[in-house]
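Asker: I'll drop the sequence and a predicted model, then ask my questions.
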There are 2 protein chains.
Amino acid sequence: MLSNVQTSKTIKSTKEKILEAALELISRYGYKGASVRKIAKAVGVRESAIYNHFKNKDEIFQEILKSLFSSDFSDFFEKKPIEENAKKGKKFLMEYAATVKLATFDPKHEKLFKIVLLELMQNKEVREQFLNYFYDNNIKKLSHVLFLMMQEGLIRQSDPMLMAREFFAPLFYLRLEVTLLRVDEKSTVTLSTMFEKHVEFFWESVAVRA
Amino acid sequence: MLSNVQTSKTIKSTKEKILEAALELISRYGYKGASVRKIAKAVGVRESAIYNHFKNKDEIFQEILKSLFSSDFSDFFEKKPIEENAKKGKKFLMEYAATVKLATFDPKHEKLFKIVLLELMQNKEVREQFLNYFYDNNIKKLSHVLFLMMQEGLIRQSDPMLMAREFFAPLFYLRLEVTLLRVDEKSTVTLSTMFEKHVEFFWESVAVRA
DNA sequence: GTCTATAGAGAGATAGAC
DNA sequence: GTCTATCTCTCTATAGAC
């Protein structure tokens, strides 16, 4: 697990250090570009020492893969019953967008997102996790909430699945753009306000006026 | 230029063959994964022969880079004056979506799109071309058309730039999903109808009812 | 568990014969 | 313009001493 890496004062084991260095390097250079040499150097050990903790390079990557899609929204939908969320209407969508925005600018999540982008075309596992993750955790659950909102009469009738995609896609594209700009350390101020603007526009598009 | 590669009956020069093989291999394995060895093998010559046509591997990639963003929409906005497009309303948006759909399923464009995805995080040039291309050729020009549609009273008043993003992002996300599915030769039938559905939904969201 | 040393494969690129 | 041969570098991974 990479989750308790940040727990301060922890005396990191070599294994933890390897995972940390690998995450950093792979998010920068991709799987191929992040050589065992570079990882070892970043940790401060010899290459051979790596193999005391992992069978091979791929096992390091597999360990990181586990945390790729586990964090962002794992408990976003769980913390409150979905019916409650639906009643909140626009407020819920704002919270959702805020969660995406947070993940976009959070260093750890940013690294994981970069790895997804880097390996999406190369790694079948990443590809399938990507498609499933966004489908299940975003489109599918979103569509459920939207369906309930339709029943509440808050938003207009439409295909909930389609509507969920329409809500989700601009957030994804926004996240992609921000991530790319940040790679080159370019300003993202214009884009960072777009998360909220998107929700406003979307709500304007679907809300049923009383 | 890669543009006349398809001209049938052409006796392809070695240089053309190299570019063709490189396009294929890079779109599959990325720049790093497409080694000069593999390219030479695909062409049917020795590695050293490659260097008679290109200074180095990077020069091959640069040649391909040129065609990355040149094709899709280069003349889509040019063939008709923008004012005419605006008057067509929903019909114009349908044509636009159809163009994206066509590019999504066209083998040549698909390869180029894959290369963009593969190198987006690795190559600064690709990154900048990506951001500029989608901004200029899509968001910016789209926003112009949408602005005119607002003036015609066809659609509701809003920030044209924001609206252009809202129209564009779902198409991009759709293209991404389709491309990923096709890598693993999975069915894309459900998604392929989404291009039109998106336009319907969008129009429903912005159209001014008479 | 870390080190040195090394194997073995694959990468990009060049020299020189034909 | 293509070939053979070769150089040099980097990569993943292992053996064996400490």
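Answerer: That came in fine, so what should we check first?
Asker: When you work out contacts or count neighbours from here on, use the C-alpha atoms and nothing else.
Answerer: Will do.
Asker: Please enumerate the helices of chain A.
Answerer: A:14-33, A:36-43, A:47-50, A:57-66, A:82-88, A:90-105, A:107-119, A:124-133, A:141-152, A:160-183, A:189-192, A:194-206 (DSSP state H).
Asker: could those be laid out in TSV, adding mean pLDDT, mean neighbour count and distance to DNA strand C?
Answerer: Shown next, in TSV, are these (pLDDT from 0 to 100; neighbours: other Cα atoms under 10 Å in any protein chain shown; distance: least, Cα to the nearest atom of the strand, whole Å):
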stretch	mean pLDDT	mean neighbour count	distance to DNA strand C
helix A:14-33	98	19	5
helix A:36-43	98	18	8
helix A:47-50	98	15	5
helix A:57-66	96	15	13
helix A:82-88	91	16	45
helix A:90-105	96	18	32
helix A:107-119	97	20	18
helix A:124-133	93	17	20
helix A:141-152	96	20	42
helix A:160-183	98	20	24
helix A:189-192	96	12	37
helix A:194-206	98	19	40
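Asker: Can I get those in TSV including distance to residue B:56?
Answerer: Shown next, in TSV, are these (distance: least, Cα to Cα, whole Å):
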stretch	distance to residue B:56
helix A:14-33	20
helix A:36-43	25
helix A:47-50	31
helix A:57-66	29
helix A:82-88	57
helix A:90-105	37
helix A:107-119	24
helix A:124-133	30
helix A:141-152	49
helix A:160-183	27
helix A:189-192	38
helix A:194-206	42
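Asker: Relative to residue B:130, tell me which of those wins on proximity.
Answerer: For the helices of chain A, proximity to residue B:130 was assessed by Cα to Cα; helix A:160-183 is nearest, at 9.5 Å.
Asker: what's near enough to touch residue A:188?
Answerer: Shown in contact with residue A:188 (Cα atoms under 8 Å, 6 or more residues apart in numbering or on different chains): A:178, A:181, A:182.
Asker: picking up where we left off before, could the helices of chain A go into JSON lines alongside distance to DNA strand D?
Answerer: Formatted as JSON lines, these follow (distance: least, Cα to the nearest atom of the strand, whole Å):
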{"stretch": "helix A:14-33", "distance to DNA strand D": "6"}
{"stretch": "helix A:36-43", "distance to DNA strand D": "4"}
{"stretch": "helix A:47-50", "distance to DNA strand D": "4"}
{"stretch": "helix A:57-66", "distance to DNA strand D": "4"}
{"stretch": "helix A:82-88", "distance to DNA strand D": "45"}
{"stretch": "helix A:90-105", "distance to DNA strand D": "28"}
{"stretch": "helix A:107-119", "distance to DNA strand D": "15"}
{"stretch": "helix A:124-133", "distance to DNA strand D": "18"}
{"stretch": "helix A:141-152", "distance to DNA strand D": "38"}
{"stretch": "helix A:160-183", "distance to DNA strand D": "21"}
{"stretch": "helix A:189-192", "distance to DNA strand D": "35"}
{"stretch": "helix A:194-206", "distance to DNA strand D": "38"}
